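Participant: how would this look folded up:
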Amino acid sequence: MKKIYLYGNWKMNMTRGETEVFYKDFSELLKEPLLSAAIGKTLEVAVFPPFTSLAAAETASKACAPGKAPILGAQNAYFEPKGAFTGDISMPMLKDAGCTHVILGHSERRTIFGESDSFIAKKVKAALDAPLVPVFCYGETLEERESGKTFDVIYRQLKALSALSAAELEKIVYAYEPVWAIGTGKTATSEQAQEACAYSKKLLGEMGAKAIVVLYGGSVKPDNAKELLSMTAIDGALVGGASLKADTFLQIYRGYAGV
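Facilitator: Okay, here's the model as predicted:
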């Protein structure tokens, strides 16, 4: 069985108290021997709380069995290490808060906040230098898919990272998220997701990367997880709403692995 990367993007949800409840429930679920045995071997779990809940997450994680707590990541960061950037957070600050990962390039940052490919590329480089593991999001809108531009969009967004070395490209976790499937209840078919992720791996290979991890994101739930995660080019899932409850979140892996 291949290793599955199960990453939960909490977005603008989860207070400190709700975060503590999540970790308590998560710890209880890990009493299931098969599930506990999978984490750290065939399953890598990470959660990405809002900035205000990072400290609560780090503290609550200590109640989990050694080596079994979710990896801690943040949802965004700026590329400068410090300075007059009111309202922003730097990569060193995230490391100081206990983070090892950070989501960059999410479609909501691109569309709502106007972040460009080149701007996101600066963030990715800053994360790698910190060092943090960037979870680089990319994907097409419904209009772009319907006009046959899916591969063009993927090409443009991944090629924005072309200044990075092959070794740096291999340190990134890539998350293909068709914008039309995020929070809409719509999900790309397993064939559509496989095709896009396979193309991504081919393109990144041409850019010099060899070891490549590509996640699929977009309304991933327990009832569609097995089909999606069974695709050969998909290494895991970046989960939104279904990651807010520990049981629902881990049920996605149970659905795939039958545990």
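Participant: for stretch 26-39, which outside residues touch it?
Facilitator: The contact list for stretch 26-39 (CB atoms under 8 Å, 6 or more residues apart in numbering) reads 43, 45, 63-65, 67-70, 246-247, 249-250, 253-254, 257, 259. From N, CA and C alone the C-beta is placed, and that goes for glycine too.
Participant: can you check stretch 48-65 too?
Facilitator: Residues lying outside stretch 48-65 but in contact with it, judged by CB under 8 Å, 6+ apart, are 7-20, 22-24, 26-27, 30, 36, 47, 69-70, 72-75, 89, 94, 97-99, 101-103, 135.
Participant: from those, which would you call buried?
Facilitator: Under a neighbour-count criterion of 16 or more other CB atoms under 10 Å, the subset of the contacts of stretch 48-65 counted as buried comprises 7-11, 14, 16, 19-20, 22-23, 26-27, 30, 36, 47, 69-70, 72-75, 89, 94, 99, 101-103, 135.
Participant: in the helix or strand containing A57, what counts as buried?
Facilitator: Remark: A57 resides in helix 54-61, with elements defined by DSSP states H and E. Taking 16+ other CB under 10 Å as the neighbour-count basis, helix 54-61 is seen to contain the buried residues L54, A56, A57, E58, A60, S61.
Participant: okay, those in JSON lines with distance to E227 and pLDDT next?
Facilitator: Written out in JSON lines, the entries for the buried residues of helix 54-61 read as follows (distance: CB to CB, whole Å; pLDDT from 0 to 100):
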{"residue": "L54", "distance to E227": "33", "pLDDT": "98"}
{"residue": "A56", "distance to E227": "35", "pLDDT": "98"}
{"residue": "A57", "distance to E227": "31", "pLDDT": "98"}
{"residue": "E58", "distance to E227": "35", "pLDDT": "97"}
{"residue": "A60", "distance to E227": "33", "pLDDT": "97"}
{"residue": "S61", "distance to E227": "31", "pLDDT": "96"}
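Participant: okay, stretch 171-188 in PDB with CA atoms only?
Facilitator: Only the C-alpha atoms of stretch 171-188 are listed here, as PDB (Å, rounded to 0.1, in the frame of the first residue of the first chain):
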ATOM      1  CA  LYS A 171      11.100  19.500  -1.100                       C
ATOM      2  CA  ILE A 172       7.700  21.000  -2.100                       C
ATOM      3  CA  VAL A 173       4.400  19.200  -1.600                       C
ATOM      4  CA  TYR A 174       2.200  20.000  -4.600                       C
ATOM      5  CA  ALA A 175      -1.600  20.300  -4.200                       C
ATOM      6  CA  TYR A 176      -3.600  20.300  -7.400                       C
ATOM      7  CA  GLU A 177      -6.900  21.900  -6.600                       C
ATOM      8  CA  PRO A 178      -9.300  22.700  -9.400                       C
ATOM      9  CA  VAL A 179     -10.900  26.000  -8.200                       C
ATOM     10  CA  TRP A 180     -14.400  24.900  -9.300                       C
ATOM     11  CA  ALA A 181     -14.200  22.000  -6.900                       C
ATOM     12  CA  ILE A 182     -13.200  23.800  -3.700                       C
ATOM     13  CA  GLY A 183     -16.000  24.200  -1.200                       C
ATOM     14  CA  THR A 184     -18.600  23.700  -3.900                       C
ATOM     15  CA  GLY A 185     -19.500  20.100  -3.200                       C
ATOM     16  CA  LYS A 186     -18.300  19.300  -6.800                       C
ATOM     17  CA  THR A 187     -15.400  17.000  -7.100                       C
ATOM     18  CA  ALA A 188     -13.200  16.300 -10.100                       C
END
